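In: Sharing a model that was predicted from the sequence below.
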Amino acid sequence: MADWQRILVKVGTSTIVDSTGQVNYPVINRLAQVLTTLEKDGHEILFVTSGAIGVAIDQMGLDSRPREIPQQQALAAIGQGYLMTIYNQAFSFYQQLIGQVLLTYDVFENPAMLANTKAAINELLMQKVIPIVNENDVIAVDELDHQHSFGDNDRLAALLAEEMGADLIVLSDVDALYTANPNTNPQAKPLRKIHEVTDAIRQAATGSTSGLGTGGMATKLKAAEYMMAHGREMALINGNNPENIRAVIEGKAIGTHFQGE
Ligand SMILES: Nc1ncnc2c1ncn2[C@@H]1O[C@H](COP(=O)(O)OP(=O)(O)O)[C@@H](O)[C@H]1O
Ligand SMILES: N[C@@H](CCC(=O)OP(=O)(O)O)C(=O)O
């Protein structure tokens with residue numbers, strides 16, 4: 001059983017930006033409060049956040065995510081700064097310091113870079129600063145070179161959690177992993193406990209239908225498999241109620257809990 005002492009919380013674009021495409025400030029403020037309280041209670045918190053491109057789409061008054069890679073890079077550059085402004089405001093209200101960490105995939109392939117990254121994050125944790133992590137989308141261009149892009153933050157979150165010895169809580173816009181996409185199949189049923197990922201579960205977990213999220217449930221399931229393969233746990237909960245992070249830590253049956261045998 002995980003003790004949830006060191007926790008990596010990952011939040012998706014679908015939580016940072018609401019269904020109308022606007023920045024979801026109330027949820028972000030509640031998230032900052034919950035993470036700060038947990039930090040003050042002695043947990044070590046790492047936070048992986050998507051949403052740079054999502055908030056920039058709102059800032060720039062666009063209707064949808066552009067397909068062109070340089071346009072997405074530009075949006076990431078615009079939105080990442082704004083995202084940190086929002087987080088600085090939200091966390092400073094609770095007198096919690098945060099630090100920005102932008103990663104590319106090659107960090108995990110290069111032992112020296114990985115050791116340096118882990119040292120920096122451990123130092124932030126020691127100083128009781130919450131690291132706010134995202135992929136460096138401005139330079140991680142998977143169209144040109146797959147080596148340098150995670151493609152989705154679920155994978156980044158799982159890789160980082162494993163390296164940092166943390167368990168993972170993923171916040172999305174659904175209450176759980178369902179037997180099918182609940183947005184398109186009203187018969188879909190929530191799955192509460194997963195000890196092993198079967199082919200049937202893999203087939204159930206499909207892509208995003210929100211328009212802004214990128215990986216959908218498929219990448220979350222891969223992250224869960226990665227965590228379980230490395231003896232770690234993952235919980236998937238709805239980001240609309242960040243207070244449920246505490247419920248996960250307290251062992252309450254909420255969302256979907258992935259725990260290997
Ligand atoms: N079996 C499933 N159970 C739950 N959600 C699913 C499933 N299959 C596909 N999805 C989709 O995955 C979406 C969440 O992924 P995504 O939009 O990428 O979110 P985020 O931005 O939080 O990463 C849901 O809104 C839903 O449309
Ligand atoms: N790094 C990107 C998000 C990529 C991503 O994986 O998004 P999501 O599927 O919403 O977690 C951004 O900040 O816009």
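Out: Cool, the structure landed. Ligands and ions are numbered 1, 2, ... in the order given.

In: what residues does the stretch 1-150 of the chain put near ligand 2?
Out: The stretch 1-150 of the chain comes close to ligand 2 at residues 12-14, 50-54, 76, 134-135, 137, as judged by Cβ under 6 Å from any ligand atom. For the C-beta atoms, the positions are set from N, CA and C on the backbone; glycine is no exception.

In: switch the cut-off to 8 Å
Out: Residues of the stretch 1-150 of the chain lying near ligand 2 by Cβ under 8 Å from any ligand atom: 10-14, 16, 49-54, 56, 75-76, 79-80, 83, 134-135, 137, 150.

In: what about the nearest residue to Y25 once chain neighbours are set aside, distance to ligand 1?
Out: Nearest residue to Y25 in three dimensions, chain neighbours excluded: I86, at 7.2 Å (Cβ to Cβ, 6 or more residues apart in numbering). Distance of I86 to ligand 1, given as Cβ to the nearest ligand atom, to the nearest Å: 16 Å.

In: tally of neighbours for I86?
Out: I86 is flanked by 21 other residues according to other Cβ atoms under 10 Å.

In: Enumerate every residue touching it.
Out: I86 is in contact with 23, 25, 28, 55, counting by Cβ atoms under 8 Å, 6 or more residues apart in numbering.

In: could I get those as JSON lines with distance to ligand 1, neighbour count and pLDDT?
Out: Converted to JSON lines, the contacts of I86 look like this (distance: Cβ to the nearest ligand atom, whole Å; neighbours: other Cβ atoms under 10 Å; pLDDT from 0 to 100):
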{"residue": "V23", "distance to ligand 1": "14", "neighbour count": "19", "pLDDT": "97"}
{"residue": "Y25", "distance to ligand 1": "17", "neighbour count": "13", "pLDDT": "97"}
{"residue": "I28", "distance to ligand 1": "14", "neighbour count": "23", "pLDDT": "98"}
{"residue": "V55", "distance to ligand 1": "13", "neighbour count": "27", "pLDDT": "97"}
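
In: can these go into a markdown table with extra columns for secondary structure and distance to K118?
Out: Shown next, in a markdown table, are the contacts of I86 (DSSP: H, G, I helix; E, B strand; the rest coil; distance: Cβ to Cβ, whole Å):
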| residue | secondary structure | distance to K118 |
| --- | --- | --- |
| V23 | strand | 31 |
| Y25 | helix | 32 |
| I28 | helix | 27 |
| V55 | helix | 28 |
